[in-house]
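*Asks:* Provided below for reference: sequence and predicted model.
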Amino acid sequence: MARTEATLPGGARLADYLAVGYLALNCSLGEVKEALVKCGVHTRLRRDMPREVLVYFVMAMCLYPRVAYEEVFRLVIEGLRRIYGDQVRDVQVSKAAISQGRARLGWQVMRELFARQAAQRPRTAGDDYAGYRVMSVDGSTLDVPDEKVNAEAFGYAQGGRGEAAYPQIRFVALAECATHALCEVQMGGVCDDSEQALTRQLFPAFSDDMLVLADRLFYGYDMWRDAVATGAKLLWRVKSNLRLPCEVPLADGSYLSTVYASDTDRRHQRNGMRVRVIEYRLEGVPDAEPQYRLITNLLDAAVAPAIELAALYHRRWKIEEMFDEIKTHLCDGKKVLRSKTPDLVRQEFYALMLTHAAIRRLMYEAAQDSGQRPEDLSFVHAVRVLNRRLPEAAAVPP
C-alpha cells in the first residue's frame with residue numbers, strides 16, 4: 001500500500017486553495033522573502049524553483065501529511081497565485097525536484113519564521129495570574145523515518161522492550177497555558193539531547209512577566225538557579241526526596257525553605273536560594289498521587305495564596321493538550337514524519353510548529369470575533385476549517 005495518496009480525495013477544492021491562502025496571509029510573502037534573504041537562501045536565478053513557494057509547500061505538507069508531494073506543490077502554487085497573482089511563478093516540478101529544492105532551502109529559514117511568528121503572538125486579556133502570563137514547559141518526541149542518516153543524527157529511544165522501531169527527535173516547548181500558543185521550542189535527538197539540556201536553551205525566551213510551570217523531572221539546583229536568573233516567576237513540582245525543611249511557616253499552610261547545590265553547601269549554609277514550599281493532596285480525585293510538592297519563587301503568600309497556586313499548577317497539563325494537537329490532529333494521526341534526512345527533518349519540524357502557530361492564530365481571531373476564550377474553541381475544528389473552509393468565507397480573485 002502506498003504511504004501517501006497521489007491526489008487529494010475527490011480532487012483539489014477551492015477550500016484547499018483557501019487553506020494555503022490563509023497560511024500565506026498569516027505568514028506573508030514579504031516576510032518569507034525577508035527571512036530567505038536573512039538566511040542566505042533566497043532565489044537567485046529565475047530558472048530556480050522559487051524558494052518562497054517551497055516555504056509554503058513545507059507548511060502545506062504539514063496540513064496534508066498523507067498527500068503526495070507533487071499534489072501538495074500544485075495546490076500551493078494555485079493557492080498563492082489566487083492571492084499574489086504573477087508575483088508567484090507557475091512551475092511544474094517532480095518529486096525529485098521538490099526534494100532537491102527542500103535540501104537547498106535548508107531548515108534555518110523555517111526556524112527564523114517560527115521565531116517571528118512567536119514574537120508576534122497577541123496577548124490574551126483575562127488569562128493572567130497576579131499579572132503574570134501563565135506558561136508551561138514540557139517535552140515530547142516524534143518518530144522520523146528509519147533511515148541510516150536519521151538514526152545516526154537522532155538515535156533510537158531505549159525502553160523496557162528494547163530499542164524503538166524508529167529514530168526519534170526530542171523537543172521541549174514553552175507554551176502559554178490559556179491559548180496553547182508556542183512561544184519557543186528547541187529540538188534535538190532522543191539519545192544525545194535530554195529534556196533538561198533542551199530546556200536550558202529555552203531560558204532566553206523566559207521574561208519577568210511570566211509564571212512558568214514545570215514537572216518534577218525538570219528540577220535541579222543549577223536549573224532552578226538559572227531559570228530564576230531570567231527574571232521569570234517559577235512554580236515547579238519537585239520530588240519527594242528533595243530536602244526542604246520548614247524554616248518559616250506561613251499563614252496559608254505553605255512555608256519558606258532553602259535549596260542548596262550540595263550537602264556541603266547546606267552544612268555551611270552557603271549558596272542557598274530561598275523558596276516557598278506548597279504541599280497538598282487531591283482528595284477524592286481518582287489516580288491522584290498521595291502528595292504533591294511544589295516550590296516557587298513567589299514568596300509572598302498574600303500575593304499568591306497556596307490554594308491558588310496548587311490549582312494553577314494543574315494547568316500545566318494544557319501543554320500536553322498542545323502536544324496532542326500537533327501529534328494527533330495536525331499530523332492527522334500519521335505517526336512518522338515524512339523527511340528522510342536530518343536537515344529535512346528539522347525543516348519539517350519547524351514547519352509543523354509554524355503551521356500550528358497559524359492555526360492557533362486563526363483560533364485567536366475566531367475567539368475575538370465571538371467573545372470566547374481561545375481555549376474554549378476546538379483545535380480539531382480549526383484544522384478542519386483551515387482544510388475545508390467554504391468558498392464564501394473569503395473573496396478570491398477570478
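*Replies:* Thanks, I have it. Note that this is a predicted model, so its numbers are computed, not measured.

*Asks:* so what secondary structure elements neighbour the helix or strand containing E52?
*Replies:* Element membership for E52, per DSSP states H and E: helix 51-63. Using 3 or more CB pairs under 8 Å, 6 or more residues apart in numbering; DSSP states H and E, the elements in contact with helix 51-63 are helix 14-26, helix 29-38, helix 69-84, helix 95-105, helix 108-119, helix 342-370, helix 379-388. For the C-beta atoms, the positions are set from N, CA and C on the backbone; glycine is no exception.

*Asks:* Work out the gap between it and the centre of the chain.
*Replies:* How far helix 51-63 lies from its chain's middle: 18 Å, per CA atoms, centre = their mean, to the nearest Å.

*Asks:* That helix to helix 108-119, inter-axis angle?
*Replies:* 70 degrees (axes from the mean of the first three to the mean of the last three CA atoms, to 10 degrees).

*Asks:* Next, the angle from helix 51-63 to helix 69-84.
*Replies:* Using the same axes, to 10 degrees: helix 51-63 against helix 69-84 is 120 degrees.

*Asks:* The helices and strands packed on helix 51-63: lowest mean pLDDT?
*Replies:* Taking the average pLDDT of each of those, the minimum falls on helix 379-388, with a mean of 48.

*Asks:* average pLDDT across the helix holding E52?
*Replies:* 92.

*Asks:* relative orientation of that helix and helix 95-105 in degrees?
*Replies:* 110 degrees.

*Asks:* quick one: buried residues of stretch 318-328?
*Replies:* K318, I319, M322, F323, E325, I326, K327 (16 or more other CB atoms under 10 Å).

*Asks:* Mind giving me the packing neighbours of the lengthiest strand in the chain?
*Replies:* If you go by DSSP state E, the chain has its longest strand at strand 162-176. Applying 3+ CB pairs under 8 Å, 6+ apart, one finds that strand 162-176 contacts strand 132-143, helix 148-154, strand 156-159, strand 182-189, helix 195-200, helix 318-324, helix 342-370.

*Asks:* how about these, which one is nearest N271?
*Replies:* Proximity to N271 (CB to CB) singles out helix 195-200 among those, at 19.2 Å.

*Asks:* Quick one: name whatever helix or strand follows that closest one.
*Replies:* strand 210-214.

*Asks:* what pairs with that following strand, and is each one parallel or antiparallel?
*Replies:* With DSSP bridges as the test, strand 210-214 is paired with strand 132-143 (parallel), strand 233-237 (parallel).

*Asks:* Could you list the residues in contact with stretch 324-340?
*Replies:* 4, 61-63, 65-66, 102, 140, 142-145, 147, 149-150, 166, 180, 345, 347-349, 352-353, 355-356, 359, 379-380, 383 (CB atoms under 8 Å, 6 or more residues apart in numbering).

*Asks:* Pull out the buried residues from that stretch.
*Replies:* E325, I326, K327, H329, L330, C331, V336, L337, R338, S339.

*Asks:* which two in the buried residues of stretch 318-328 are spaced the farthest apart?
*Replies:* Pairwise over the buried residues of stretch 318-328, using CB to CB, the maximum falls at K318 and K327, 15.2 Å.

*Asks:* before we move on, the earlier item: quick one, the longest strand of the chain and helix 108-119 angle?
*Replies:* Interaxial angle, strand 162-176 versus helix 108-119 (the same axes, to 10 degrees): 40 degrees.

*Asks:* What angle do strand 182-189 and strand 162-176 make with each other?
*Replies:* Using the same axes, to 10 degrees: strand 162-176 against strand 182-189 is 160 degrees.

*Asks:* partners of strand 162-176, with directions?
*Replies:* Sheet pairing for strand 162-176, assigned by DSSP bridges, gives strand 132-143 (antiparallel), strand 156-159 (antiparallel), strand 182-189 (antiparallel).

*Asks:* Quick check: mean pLDDT of that strand?
*Replies:* 91.

*Asks:* now swap in stretch 269-287 and tell me
*Replies:* 90.

*Asks:* Flag every buried residue along that stretch.
*Replies:* V275, R276, V277, I278, E279, Y280.

*Asks:* just those now: which is nearest L54?
*Replies:* Using CB to CB, the buried residues of stretch 269-287 come closest to L54 at V275, 48.7 Å.
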